[in-house]
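[1] Build me a model:
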Amino acid sequence: MKARHHQLAVLLCATALLAAFSGSALASDSPQEVFRAAVDALENENYAGLVEAVAPSERTMMAFSLTIAVEMGVGFWEGAEAEAAQKSFAELKTKHGLDDSDDSGPEISIGSDTSQEEIDAHMEQRAAALFEDVDVPTYVAELVSFFLQTPMMEGESLLPDVELTDVQIDGDRATAKAGDADLEFLREAGRWYMASP
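    This is a model prediction of the structure:
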């Protein structure tokens, strides 16, 4: 893979993974606990636990976002091992009932007057249709494990070397900073979770 494509793939996937998984192996009593436990889960390669850190209402969008990020990362990869990785990714999606040939979800025409809210609503509808019959926690855990084991991720780390700062809680929502990243948290059923990127 060319260097710039490799860097773009790593950046896209690392951003999506860290944004989605800066949470804990379980929901927590505070955003700070969720963040700290996520780092521990990443260190222990507990990807199923990381999925649990994302708010249940947000997991489908997380799966959708990560699928797109990994699709781009694998798609940009070039070289002898690229075809095998692309085949393995296709097999993973097929195993979980994700069929690329059936893209019959809702469509949208985006123009200069299309609001971000309309685009977001469309993406949520597409994600709901695509993942309707998918065991999202199992799929995402396998997807993360697959991607982190590809040669393009060799020597890369997704562990954040930052602390959670500037935590602002407003009812059942919270924001915080982790280095340069802005994170959002949700409280559902009395427990704190990460919001999907």
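
[2] Find the residue at the geometric middle of this protein.
    To find the centre residue of the chain, average its C-alpha atoms and take the closest one (C-alpha atoms, centre = their mean): that gives Leu66, at 4.0 Å.

[3] Tell me which helix or strand that one sits in.
    Here Leu66, judged by DSSP states H and E, is contained in helix 59-76.

[4] Can you work out which other helices and strands pack against that helix?
    Judged by 3 or more C-beta pairs under 8 Å, 6 or more residues apart in numbering; DSSP states H and E, helix 59-76 is in contact with helix 3-21, helix 82-95, helix 116-130, helix 136-148. Where C-beta positions appear, they are placed from N, C-alpha and C, glycine not excepted.

[5] With just CA atoms, put it into PDB.
    As requested, the backbone C-alpha atoms of helix 59-76 are provided in PDB (Å, rounded to 0.1, in the frame of the first residue of the first chain):
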ATOM      1  CA  ARG A  59     -24.700   0.600  18.700                       C
ATOM      2  CA  THR A  60     -26.200   0.300  15.200                       C
ATOM      3  CA  MET A  61     -24.700   3.600  14.100                       C
ATOM      4  CA  MET A  62     -21.400   2.500  15.600                       C
ATOM      5  CA  ALA A  63     -21.500  -0.700  13.500                       C
ATOM      6  CA  PHE A  64     -22.400   1.200  10.400                       C
ATOM      7  CA  SER A  65     -19.600   3.800  10.900                       C
ATOM      8  CA  LEU A  66     -16.900   1.200  11.700                       C
ATOM      9  CA  THR A  67     -17.900  -0.900   8.700                       C
ATOM     10  CA  ILE A  68     -17.500   2.100   6.400                       C
ATOM     11  CA  ALA A  69     -14.100   3.000   8.100                       C
ATOM     12  CA  VAL A  70     -12.800  -0.600   7.800                       C
ATOM     13  CA  GLU A  71     -14.100  -0.900   4.200                       C
ATOM     14  CA  MET A  72     -12.100   2.200   3.300                       C
ATOM     15  CA  GLY A  73      -9.000   1.100   5.100                       C
ATOM     16  CA  VAL A  74      -9.100  -2.400   3.400                       C
ATOM     17  CA  GLY A  75     -10.000  -0.800   0.100                       C
ATOM     18  CA  PHE A  76      -7.100   1.500   0.100                       C
END
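
[6] buried stuff in that helix?
    The neighbour-count check on helix 59-76 (16 or more other C-beta atoms under 10 Å) flags 59-67, 69-74, 76 as buried.

[7] And stretch 139-154, by the same measure?
    Judged by neighbour count using 16+ other C-beta under 10 Å, the buried positions of stretch 139-154 are 139-144, 146-148, 150, 152-153.

[8] swap in stretch 29-44?
    Under the neighbour-count rule (16+ other C-beta under 10 Å), stretch 29-44 has 30-39, 41-42 buried.
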